[in-house]
Structure formats: structure tokens, C-alpha cells
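Student: please work out how this folds:
(one chain, ligands or ions: 1)
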Amino acid sequence: MTESLILQYDPSRLDVHLIGGGSEALALAQRISGLMPVVTVHAVSLMPALASLCRAQEWAVRDDEPVVGAGQLWLVASGDGERDREVASVAVEAGVAVYAPAHPTLCSVRLPPRVTVNDTAQPASASADGHWQRGHVSLVGAGPGDPELLTLKALKRLQRADVVIHDRLVSQEILALANPAARRFYVGKARSRHSVPQEGINQALVDWARAGNQVVRLKGGDPFIFGRGGEELEALVAAGVDFDVVPGITAASGCAAYAGIPLTHRDHAQSVRFVTGHLKNGSCDLDWSALARGDQTLVFYMGLGALDLIRERLMAYGLDGATPLALIEQGTTANQRVHLGTLSRLPDSLAEHQPRPPTLIVVGSVVELASRLEWFQPTDSGSLGWVEGKHPTPLSQADSA
Ligand SMILES: C[S@@+](CC[C@H](N)C(=O)[O-])C[C@H]1O[C@@H](n2cnc3c(N)ncnc32)[C@H](O)[C@@H]1O
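Tutor: Below is the predicted model of the structure:
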């Protein structure tokens, strides 16, 4: 039987009977706490940790054997192998779903994955204010790289996460702030590498939340800016999964600030545009005449591969070749490098080495302020780098025990 079988049931509607009062039963109780609210524990005596978990979860405790009924799941873990076999066999014969870890051949289901909680901890599915009793997804922005740019709310979500599903542009230091017991899954997208399809990510969010977990979907920058956050939320809405959104500092704000480039300035730019430079079939289908207007700042995300095309199009549509341009490499991290030039003339530094992603392109006269307003010394940053290359666990290979 597969783990997904149990997920066919609505855990909140199952009539769960846990047979046993010792450490084996406690281990199962910890796995289901907060996930299956209707639980009766059958034991003549309970070890103290299990007794306090039963009180905290308001589970019924009885000293008799369970009676077969509809919609039941029996979790058999008395610590006595022979007794467990007899009880599990009764369940099997009666067609009751059963999980008896000491007798794998008698198990008709497996428990959903779950992190362990100790007997003094809050149930993992309850929020600090007690509102979330079920699985939940927090769509969290991790900011552009410097871990100190994480919001307090994002930090709180990470600290109580059961599961963290993260992208490539999330720094190691930020991941290190998550609950140490949380499972981590890497679903990053890089052009050169195999990536988890978006549908697979959406499904993973739904599955882990339905299994009763507090899931943090962690994305670089802000999840609603070129982050597919909207698509993932639509999948959660369709599946009836609760969620919230924690915005993050987007790359444009973070990188521009750390490069000394105010994105707007009364003397230079009255508006700012965030633009995708992602090429589709070798071209960028953008409103170039609107982009080539003056008095504004353009920020191109994902634009490194299209840099030449962007420059050529903007000038072809009338933007002055002397307009300042900045390319910011690995902004806000210890590896940040800022290359300053103009639309018509790229800086020599760009030709000297291959800029390493992620990079952001800023175009507009605000860029000329960078040489005066520059303040950030990359060595100031607490950030050491991205998860890429540090052996994150891909979703497809992560353990799901
Ligand atoms: C898929 S978009 C995600 C943007 C993200 N949601 C945000 O709000 O910043 C990825 C692009 O963001 C830009 N980016 C993200 N972090 C960056 C950083 N630290 N330095 C430079 N560019 C960055 C790059 O252009 C990169 O290709």
C-alpha cells in the first residue's frame, strides 16, 4: 500500500483508535497530533509524555479494546508484538484501516509524513495565536539574498515550518533560520538544469498541507514579482488549502538600494517599471515604445541573456544611447558587483569576466547617482551565497518517510 492511500481519507473525519500506552504508542501519537483530531487511546496505563499529549489534544482515553465501526483507523502499537498481531488481525478481518508498525504485512495504510513534536511543544498545526488547526501554506518572500533583509514575519513562518519548499535564489543563511526539524525540498529552476514542473510544485504544496503540515513556500525576492506566486495560490484555492502571503524585498528594491541607485528621484525619474527580460523563442515581446520614454527607470529581471537585444530595441525606439545602465550581479550578497555603463557602451568590466547570475539591469538617469551614493561594501554582507551548488535536496529525491 502507498502512503497516498491514507491521503484519500479526510484525516479530520477519521475515527482514530490508538492501541497502546507506552513509547511505541507515543511515537505514533506524535506523528498524528494536530492532524487527526478524533482520537481515542486504548491503554490500561499511559506513560506521562503520552498522557500529557492526550490532555493537550483533548483525546479520549479508555482502558478497553476498540469496537469495530465505520470510518475507523486503528493504530496498533502496544509494545507487545503478539497482542499487536491479534488486534491488527481483528481490524484486517473487519475491513478497518490499520497501521501496526511491528507488523508491516498487516498494515493496510501508511501514515502521512509528519515531523515529530515533543510532549511540551505546541501541536505543529496550531499557529502562535491558535488559529490554524489544519495544514497551511505560507507563501514567503526571502528577499534578494542578504539574510538580514528577511522580514520578521517571514522569520516566524520559517521557525515554525514543518516543510520548506524553496527555490534556487534563497541563500543558505536564510534556509539555516528554518525550524531544524523541518523537511526541506529544493524545486529550483535554472535554465541549464532539470527543474520540477510547476504542476509538480503545486501538487507538492497541496499534498504536504493536506497531510496537516505548516508548509513554507520560500521564494527569492517577493513571491508576487516574477515569482509565479499567483499561480501557486490559484492551485491552493482550487484544492481548498488555507494560505497566507508574506511579501519580501524584491530584487529591484534590494539591489538598487545596495548599489546606491534610488529607483525614483524628483530630478530623474517619476516612475519605475519592473520588466521581464526573459526571452521567448529568441525575442522579447515588450511595448518598446513605452519603455523607451524618458523620465522613468527600467528594471529588467532575468535580462542577462537578452542584454544586447534590450539595448538595441531601446535605442531603436528612441532612447538616447547615453542613458546610464547598471548591471548588478548577485546583489546584496558578499559577491555583489555593480557594472556601470550606458546603453550604447557597456563597461569594460563586463567583457573581462562573465557576470554570474542572478543579475539585474537598471536603465535610466538615476543610475548616474550610483557613483556618488555608493555605500555598500560586499564584505559587509552576512550572505555567503545561494543554495545552488550546495547539494540541496530536490523534491523528486527527498525522503518522504
Ligand atoms: C524569477 S525572477 C524572481 C524575482 C523575485 N521574485 C524578486 O522579487 O526579486 C529571478 C530574477 O530576479 C533577479 N534577481 C533576483 N535576486 C537577485 C539578486 N540578488 N541580484 C541580482 N538580480 C536578482 C534576476 O534578474 C533573476 O534572474
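
Student: need the contact partners of stretch 280-299.
Tutor: Applying CB atoms under 8 Å, 6 or more residues apart in numbering, the contact partners of stretch 280-299 are 252, 256, 263-264, 268-278, 306, 309-310, 313-314, 316-320, 360-366. Heads up, the C-betas are built off the backbone N, CA and C, glycines and all.

Student: residue 59: neighbouring residues, count only.
Tutor: Here the number of neighbours of residue 59 (other CB atoms under 10 Å) works out to 20.

Student: so which of the contacts of stretch 280-299 belong to helices?
Tutor: Secondary structure from DSSP state H places 252, 256, 309, 310, 313, 314, 316 of the contacts of stretch 280-299 in helices.

Student: quick one on the thing from earlier: now which of the contacts of stretch 280-299 would you call buried?
Tutor: Buried residues within those, counting neighbours by 16 or more other CB atoms under 10 Å: 252, 256, 263, 268-269, 272-277, 306, 309-310, 313-314, 319, 360-366.

Student: residues contacting residue 343?
Tutor: Counted by CB under 8 Å, 6+ apart, residue 343 has contacts 311, 314, 315, 319, 320, 321, 322, 323, 325, 363.

Student: please apply the same query to residue 224.
Tutor: Counted by CB under 8 Å, 6+ apart, residue 224 has contacts 230, 245, 247.

Student: try residue 53
Tutor: Residues in contact with residue 53 (CB under 8 Å, 6+ apart) are 26, 29, 30, 33, 59, 119.

Student: residue 75 sits in which helix or strand?
Tutor: strand 72-76 (DSSP states H and E).

Student: in terms of secondary structure, what does that strand contact?
Tutor: Applying 3 or more CB pairs under 8 Å, 6 or more residues apart in numbering; DSSP states H and E, one finds that strand 72-76 contacts strand 15-19, helix 23-32, helix 81-94, strand 97-99.

Student: which parts of the last one are buried?
Tutor: If I follow you right, that is strand 97-99. For strand 97-99, by 16+ other CB under 10 Å, it's 97, 98, 99.

Student: export the residues you listed to CSV and tack on distance to the ligand and pLDDT?
Tutor: Below are those laid out as CSV (distance: CB to the nearest ligand atom, whole Å; pLDDT from 0 to 100):
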residue, distance to the ligand, pLDDT
97, 42, 89
98, 46, 90
99, 41, 88
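
Student: in the sheet, who's paired with the closest residue to the ligand within the chain?
Tutor: Nearest residue of the chain to the ligand: residue 221, at 1.9 Å (CB to the nearest ligand atom). Counting by DSSP bridges, residue 221 is bridged to residue 143.

Student: write out the residues of the stretch 1-150 of the chain neighbouring the ligand.
Tutor: By CB under 6 Å from any ligand atom, the part of the stretch 1-150 of the chain that sits against the ligand consists of 144, 145.

Student: so, low pLDDT: which residues of the stretch 1-150 of the chain?
Tutor: Applying pLDDT under 70 to the stretch 1-150 of the chain picks out residues 1-12, 34-35, 111-133.

Student: OK, contacts around residue 149?
Tutor: Taking CB under 8 Å, 6+ apart, one finds 143, 248, 249, 254, 332 in contact with residue 149.

Student: restricted to helices, list the residues you listed.
Tutor: Reading helices off the contacts of residue 149 with DSSP H, I get residue 254.

Student: CSV for the contacts of residue 149, including neighbour count?
Tutor: What follows is the contacts of residue 149, written out as CSV (neighbours: other CB atoms under 10 Å):
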residue, neighbour count
143, 29
248, 29
249, 21
254, 24
332, 27
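
Student: what's the most distant pair in the contacts of residue 149?
Tutor: By the measure CB to CB, 248 and 332 form the most distant pair in the contacts of residue 149, at 11.8 Å.

Student: shared neighbours of those two, which are they?
Tutor: 143, 149.

Student: the helices in the stretch 51-200 of the chain, which residues?
Tutor: 81-94, 152-159, 172-175, 198-210 (DSSP state H, counting those that start in this stretch).

Student: possible to save these as CSV with mean neighbour count?
Tutor: Formatted as CSV, those follow (neighbours: other CB under 10 Å):
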stretch, mean neighbour count
helix 81-94, 16
helix 152-159, 17
helix 172-175, 20
helix 198-210, 19
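
Student: report how many residues lie close to residue 171.
Tutor: For residue 171, the neighbour count with other CB under 10 Å is 28.
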